[in-house]
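**Q** Here's my sequence, what's the structure:
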Amino acid sequence: MATVTSPASPSLDTLVLHEPSLLPPEPPDDQFYHHRVRPIESLKTLWGHREIIHTLAERDFRAQYKQATLGILWAVISPVLTLCIMIVIFSRVKSFGSEGLPYALYAFVGILCWSFFASSLSNGGQSLLNNKALLAKTQFPRECFPLENMCVSGINTVTSWIPLAILFVIFGRAPRLAGVFVPLLMIIEVVFAAGVTLAVAGLIIQMRDLVQVLPMITTLGLFATPVIWPYSKIPTDFHVAGGHVVRTIGKHGHAVHHLVGGFTINLQMVYGFFNPIGPVIDQARWTLLLGHTPEWNLVGVAALGAVLYLYFGYRIFKRLEVNFADIA
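**A** Now for the predicted structure:
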């Protein structure tokens, strides 16, 4: 039996030995998640293991198309089929509009941006569950699993840009010079996707119901994000309270009532903060297809929102990772 050797008032430097049989099998519930997060040190460790991300991504990319007859062509076929469905169903809906652009070209830019986020969230969110064996036997950073799935999604998305080039030729158009800002927009989307994917990957270990919820999120998100409808449909001066009604006569002689004054908010900015993919898709079209300079206020709000998602998503992941191997 171990003995306890300590003075009446033991100091912090005093060695206290306890009977092993009296120790609890696991930490108390109130301290189970009190894991101190050190983001800078964690990022340094992650950078030191970047080769593991590359190796895992290469493994998953090869396995994804290993037994498929068409192989990597599925990365091209899948978004094209989605585009065909959208053309048949939504191209004639006047309320959606395409800002004077061919609907196929307009919608396909949105599809490419959304598919990267959706596949990153779907595959990266479940990456820890899909790698249980490695999770219990390895010591490298756990965030390598979601991030390598994002790399695979990125490769598939880059491959999917081939049909976009073909659409430019079909409609006799060319990418505008302002399209040089598209890589900046893609960085914002990657930052946002990484934050959400890391948070979901950590939470899904604790709440397995999220496995069933994820497909619904990606499906509903397609319609809640300006993939098939223009971002301009979101009002910039949404009236909240106050103001007074002004009566005017319309061009057909009918009375028209307007609210003037009061408190209004720019819903485009609010939406862009909480869902940075919206401004990313809108500004990708605005620059690549229409040739305009980015609207930096929208880009800035999307960037701020993406950085906050990454910060809090990474902290959630690191806070929960202490029990990944035990629960998974």
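**Q** Tell me which stretches of the chain form helices.
**A** When assigned using DSSP state H, the helices of the chain occupy the ranges 39-48, 50-64, 74-90, 103-125, 127-130, 132-137, 144-159, 161-170, 182-206, 210-224, 267-274, 277-284, 296-320, 324-327.
**Q** for these, which one ends up most surrounded?
**A** helix 277-284 (a mean of 27; mean count of other C-beta atoms under 10 Å). The C-beta positions use only the backbone N, C-alpha and C, and glycine is treated the same way.
**Q** Residues touching that helix, excluding its own?
**A** Contacts with helix 277-284, where a contact means C-beta atoms under 8 Å, 6 or more residues apart in numbering, come from 109-110, 113-114, 117, 181-182, 185-186, 188-189, 192, 225-227, 230-232, 234, 268, 271-272, 294-295, 298-299, 301-302.
**Q** same question, stretch 119-137
**A** Identification of contacts with stretch 119-137 by C-beta under 8 Å, 6+ apart yields 142, 145-150, 152-153, 156-157, 193-194, 196-198, 200-202, 204-205, 210-211, 214-215, 217-218, 324-325, 328.
**Q** Could you tell me the end-to-end distance of that stretch?
**A** Taking C-alpha to C-alpha, to the nearest Å, stretch 119-137 runs 27 Å from one end to the other.
**Q** quick check: mean pLDDT across that stretch?
**A** Confidence over stretch 119-137 (mean pLDDT, whole number) is 85.
**Q** So which helix or strand of the protein has the lowest pLDDT on average?
**A** strand 255-260 (a mean of 57; mean pLDDT, DSSP states H and E).
**Q** which intervals of the stretch 101-250 of the chain have sub-threshold pLDDT?
**A** Residues of the stretch 101-250 of the chain meeting the criterion pLDDT under 70: 239-250.
**Q** Chain neighbours aside, what residue packs nearest to L210?
**A** Spatially, and ignoring its direct neighbours in sequence, L210 is nearest to I204 (4.5 Å; C-beta to C-beta, 6 or more residues apart in numbering).
**Q** circling back: same list, the helices of the chain, but as CSV with distance to R176 please.
**A** Conversion of those to CSV gives the following (distance: least, C-beta to C-beta, whole Å):
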stretch, distance to R176
helix 39-48, 36
helix 50-64, 32
helix 74-90, 21
helix 103-125, 12
helix 127-130, 37
helix 132-137, 45
helix 144-159, 20
helix 161-170, 11
helix 182-206, 10
helix 210-224, 26
helix 267-274, 22
helix 277-284, 11
helix 296-320, 17
helix 324-327, 46
